[in-house]
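Peer 1: 3D model of this:
(one chain, ligands or ions: 1)
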Amino acid sequence: MRQIVLATRNGYKISELRTILGDLIGELDLEIVGMGEFPDIPDVVETGVTFAENATLKAVAAAQATGLPALADDSGLSVDVLGGAPGVFSARWAGTRGQDRANLELLLGQLCDVPDEQRAAAFVCAAALALPDGTVVVREGRMPGMLAREPRGDNGFGYDPILVVDGDSRTSAELSFEEKNAISHRGKAFRALAADLREVFADR
Ligand code: IMP
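Peer 2: Numbers count the residues shown, from 1 in each chain. Just a heads-up that it's a prediction; the model follows:
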């Protein structure tokens with residue numbers, strides 16, 4: 001079995017990635033481990049100003065510190081009328097990291113005068129693969145939609161209750177786990193990286 005590390009201590013993200021890469025894990029005999037297996041390695045400060053920069057920072061640091069191929073992602077909500085914000089600041093838009101409800105309420109307030117047809121937004125994810133030899137590949141995925149005026153739905157996290165998914169009348173928080181994985185920004189970015197993983201591991 002070949003180990004690959006996902007640069008996160010979030011167990012939810014590790015199981016999500018195992019689901020997204022399902023078939024490939026069996027095909028390449030991969031074992032995905034998280035940074036929880038390496039408690040002495042410090043977390044990386046996300047100093048990048050783009051999703052790709054932050055995903056690269058995290059993947060490169062994890063590959064160097066563990067000596068394993070490493071995957072990392074960085075994601076957020078990008079709102080057209082805000083020029084792409086909250087973007088890399090999505091998790092801390094209301095000031096403190098991790099306050100999902102405060103973040104989305106602040107955003108809804110900021111956009112209260114914006115008409116329905118101008119409320120386009122997308123979840124964006126950059127997924128990076130870094131090898132201990134310094135090779136880095138980054139792929140991006142987007143999940144487009146329109147911002148609602150009120151939160152709806154109990155699934156997911158973050159801004160899920162306010163993004164009405166393109167081609168659907170439901171918000172992202174009204175989709176099942178499987179429905180969201182099939183169209184999500186993270187699903188698309190990591191499925192795109194699957195081709196790179198296959199290439200890297202094919203000749204090892
Ligand atoms: P990170 O990828 O954990 O850094 O996520 C950054 C932030 O972006 C999260 O805290 C959420 O606020 C937002 N975000 C990223 N992906 C999603 C999603 O799938 N649904 C809702 N919010 C998301």
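
Peer 1: the longest helix along the chain: which residues count as buried?
Peer 2: Ranked by residue count and defined by DSSP state H, the top helix of the chain is helix 185-202. Under the neighbour-count criterion of 16 or more other C-beta atoms under 10 Å, helix 185-202 has 185-191, 193-194, 197, 200-201 buried. The way it works is simple: take the backbone N, C-alpha and C, and place the C-beta from them, glycine included.

Peer 1: dump those residues to TSV, plus pLDDT and distance to Met146.
Peer 2: Output for the buried residues of helix 185-202, formatted as TSV (pLDDT from 0 to 100; distance: C-beta to C-beta, whole Å):
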residue	pLDDT	distance to Met146
His185	97	16
Arg186	95	20
Gly187	94	20
Lys188	96	19
Ala189	97	21
Phe190	95	25
Arg191	94	24
Leu193	94	28
Ala194	92	29
Leu197	92	33
Val200	86	38
Phe201	84	39
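
Peer 1: format the residues you listed as a markdown table; extra columns: distance to Gln64.
Peer 2: Below are the buried residues of helix 185-202 laid out as a markdown table (distance: C-beta to C-beta, whole Å):
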| residue | distance to Gln64 |
| --- | --- |
| His185 | 27 |
| Arg186 | 24 |
| Gly187 | 27 |
| Lys188 | 27 |
| Ala189 | 22 |
| Phe190 | 21 |
| Arg191 | 26 |
| Leu193 | 19 |
| Ala194 | 23 |
| Leu197 | 19 |
| Val200 | 17 |
| Phe201 | 19 |
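
Peer 1: residue of this structure with the smallest distance to the ligand?
Peer 2: Residue nearest to the ligand within the chain: Gly158 (2.4 Å; C-beta to the nearest ligand atom).
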